[in-house]
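Enquirer: Sequence and predicted structure below; questions after.
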Amino acid sequence: MIRTLPRGPAFALAWCALIWWIASGEPAYCGTITTSRLAQSPRGSAPATAPTETLLVEVRLEGIGAVLVLAESRDDSEVLVLPAAPIFKLVGLREPPVAYMTLEQLRGRLGVAVVWQPRQLALTLLDPNQILPASRARLDRLRATAEGQSGLLFPQGLRGPLFGLTGDDRGATFLDLGYSVGWATLRASRSSVSGRAWQVYVTPLDRVQLSYSEAEHRQRYADVRLALGHTWAAIVYQQPNVEVSGATVMGPLVVFGSTENRYVFTWRGPNTLNVQLGHSGDRSAVSVSFGPLAPSPLMIPGVR
């Protein structure tokens with residue numbers, strides 16, 4: 001036989017449970033408890049009343065890279081809170097002063113534009129003025145690469161055999177033979193007028209070039225040329241003399257000098273305008289030229 005409680009006590013018990021549920025704002029039983037997780041605030045603010053939503057956000061620094069972080073969207077997506085440590089590491093800064101930052105705090109701290117794209121879950125940092133350490137480091141690498149690929153390098157040549165035959169109306173002939181393996185070239189020639197000659201060119205590195213030559217009725221010749229960024233230097237031996245020369249590029253100005261009392265200043269102006277001031281021995285000269293064929297900054301101008 002099943003006994004049941006009287007209706008009066010059961011109704012009173014249900015009524016008390018309803019009053020307790022209304023007062024506490026949470027169900028007394030058989031319900032779900034809604035909680036809100038608040039990340040550490042940079043200012044220690046009070047916990048938000050609205051539930052937070054966790055988002056996987058890609059933070060990008062234009063031209064550098066990207067990192068994925070777990071961010072929190074609060075106050076109905078009005079506020080985005082992000083962990084500061086991985087973002088500071090991306091931009092090349094040290095440990096952040098706080099663990100989490102909002103978008104406005106990131107803008108103020110980094111000093112760059114911060115673009116939030118909620119649909120793509122992407123946060124882009126724009127640094128056109130190269131303020132951030134990572135941006136400056138990238139710019140330095142690009143400059144170093146540009147200097148390393150300047151015209152002062154000695155690119156390795158093509159590979160294969162070389163052949164040339166020249167004749168004139170006097171019946172004189174010039175035969176030129178050789179072979180190149182890219183970083184080294186060997187050439188031999190025979191002229192019916194000046195005799196035999198041979199040369200060897202070696203470029204073991206992009207910044208180093210060596211050459212040596214011998215010829216009948218002429219003195220031996222050897223040189224070593226070095227290119228370091230926008231600076232070029234050479235040591236030339238022509239029996240029995242040794243000459244040291246060099247050139248450097250400083251913006252539009254190219255300066256060349258030699259121990260043989262020779263120097264030339266070449267200014268490359270706008271619209272293919274070139275101005276040269278040179279000196280050799282006891283003579284000086286000024287040259288002004290205009291056009292697509294620029295004068296060599298290693299040649300002394302003069303009237304010939």
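Expert: Received it, and whenever you're ready, just let me know what you need.
Enquirer: for L177, which residues make a bridge with it?
Expert: F163, A188 (DSSP bridges).
Enquirer: what's next to stretch 266-273, contact-wise?
Expert: For stretch 266-273, the surrounding residues in contact (C-beta atoms under 8 Å, 6 or more residues apart in numbering) are 252-256, 274-276, 288-292, 294-295, 297. Bear in mind the C-beta positions are built from the backbone N, C-alpha and C, glycine included.
Enquirer: The same query, at a cut-off of 7 Å, please.
Expert: Stretch 266-273 has contacts (C-beta atoms under 7 Å, 6 or more residues apart in numbering) with P252, L253, V254, N274, V275, Q276, F290, G291, P292, A294, P295, P297.
Enquirer: so how far is that stretch from its chain's centroid?
Expert: Stretch 266-273 has its C-alpha centroid displaced from the chain centroid by 27 Å (C-alpha atoms, centre = their mean, to the nearest Å).
Enquirer: Any stretches of the stretch 1-150 of the chain with poor pLDDT?
Expert: Scanning the stretch 1-150 of the chain for pLDDT under 70 picks out the ranges 1-51, 76-77, 142-150.
Enquirer: Now with 50, please.
Expert: Counting by pLDDT under 50, the stretch 1-150 of the chain contains low-confidence ranges at 1-5, 25-50, 148-150.
Enquirer: same question, the stretch 151-300 of the chain
Expert: 151-154.
Enquirer: Select from the contacts of stretch 266-273 the one having the most neighbours.
Expert: When neighbours are counted by other C-beta atoms under 10 Å, Q276 leads the contacts of stretch 266-273 with 24 neighbours.
Enquirer: ok so that residue is a strand residue?
Expert: Yes. Counting by DSSP: H, G, I helix; E, B strand; the rest coil, Q276 is part of a strand.
Enquirer: right, and it touches P301 too?
Expert: Yes. Applying C-beta atoms under 7 Å, one finds Q276 in contact with P301, separated by 4.6 Å.
Enquirer: which neighbours do those two share?
Expert: By C-beta under 7 Å, 6+ apart, the residues touching both Q276 and P301 are V264, S287.
Enquirer: Report the secondary structure state of E95.
Expert: Assignment for E95 (three-state DSSP): coil.
Enquirer: Phi and psi next, for it.
Expert: When read as degrees, to the nearest 10, the backbone of E95 gives phi -60, psi 140.
Enquirer: residues contacting it?
Expert: Applying C-beta under 7 Å, 6+ apart, the residues contacting E95 are A85, F88.
Enquirer: try 10 Å this time
Expert: Residues near E95 by C-beta atoms under 10 Å, 6 or more residues apart in numbering: A84, A85, F88, K89.
Enquirer: related to what we said a few turns ago, can I get the contacts of stretch 266-273 in TSV with distance to G108 and secondary structure?
Expert: Converted to TSV, these look like this (distance: C-beta to C-beta, whole Å; DSSP: H, G, I helix; E, B strand; the rest coil):
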residue	distance to G108	secondary structure
P252	40	coil
L253	42	strand
V254	46	strand
N274	49	strand
V275	49	strand
Q276	53	strand
F290	52	strand
G291	53	coil
P292	51	coil
A294	49	coil
P295	53	coil
P297	49	coil
